[in-house]
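Chemist: Return atomic coordinates for the entry below.
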Amino acid sequence: MKGEEAEAADRPNRGGLNDRVPGQAVIEKLLADREGEPPPSFLGRIFGADPLSPDNHPW
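Modeler: Sure, this is the predicted structure:
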């Protein structure tokens, strides 16, 4: 029983569909995939460099 409680505490409470914005699961997945990657450079942001890796483009 304690293991289940610990697992539940580690998971974020996402709530029901009425408590979430459209596309929230996709946004969370993209942000989780980008975690640990360096942000785009200043010039990259000015010239519109794509912040997504090629692995993130298919979906």
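Chemist: In the protein, where is pLDDT below threshold?
Modeler: Low-confidence segments of the chain (pLDDT under 70): 1-17, 59.
Chemist: what about the helices in it?
Modeler: 2-10, 24-34, 42-46 (DSSP state H).
Chemist: what's in contact with stretch 45-59?
Modeler: Residues outside stretch 45-59 that contact it (CB atoms under 8 Å, 6 or more residues apart in numbering) are Val26, Leu30, Asp33, Arg34, Glu37, Pro39, Pro40, Ser41, Leu43. Where C-beta positions appear, they are placed from N, C-alpha and C, glycine not excepted.
Chemist: no, scratch that, I was asking about stretch 33-40
Modeler: Under the contact criterion CB under 8 Å, 6+ apart, stretch 33-40 has outside partners Ala49, Pro51, Leu52, Ser53, Asp55, Asn56.
Chemist: Please repeat the previous calculation with a cut-off of 10 Å.
Modeler: Arg45, Ile46, Phe47, Gly48, Ala49, Asp50, Pro51, Leu52, Ser53, Asp55, Asn56 (CB atoms under 10 Å, 6 or more residues apart in numbering).
Chemist: distance of the last one from Gln24?
Modeler: The one in question is Asn56. Asn56 is 17 Å from Gln24, where distance means CB to CB, to the nearest Å.
Chemist: Repeat that for the first one.
Modeler: Arg45 is 24 Å from Gln24, where distance means CB to CB.
Chemist: One more: Glu35?
Modeler: Relative to Gln24, and taking CB to CB, Glu35 is found at 17 Å.
Chemist: next one: Leu31
Modeler: For Leu31, the distance to Gln24 equals 10 Å [CB to CB].
Chemist: Comparing these two, which residue is more hemmed in?
Modeler: The residue with more neighbours, out of Leu31 and Gln24, is Gln24; 13 against 9, by other CB atoms under 10 Å.
Chemist: separation between the more buried one and Ser53?
Modeler: 21 Å.
Chemist: Ok, Ala25 next?
Modeler: 19 Å.
Chemist: Equivalent analysis for Leu43, please.
Modeler: Going from Leu43 to Ser53 by CB to CB gives 19 Å.
Chemist: just Pro39 next, same as before
Modeler: Separation of Pro39 from Ser53 (CB to CB): 13 Å.
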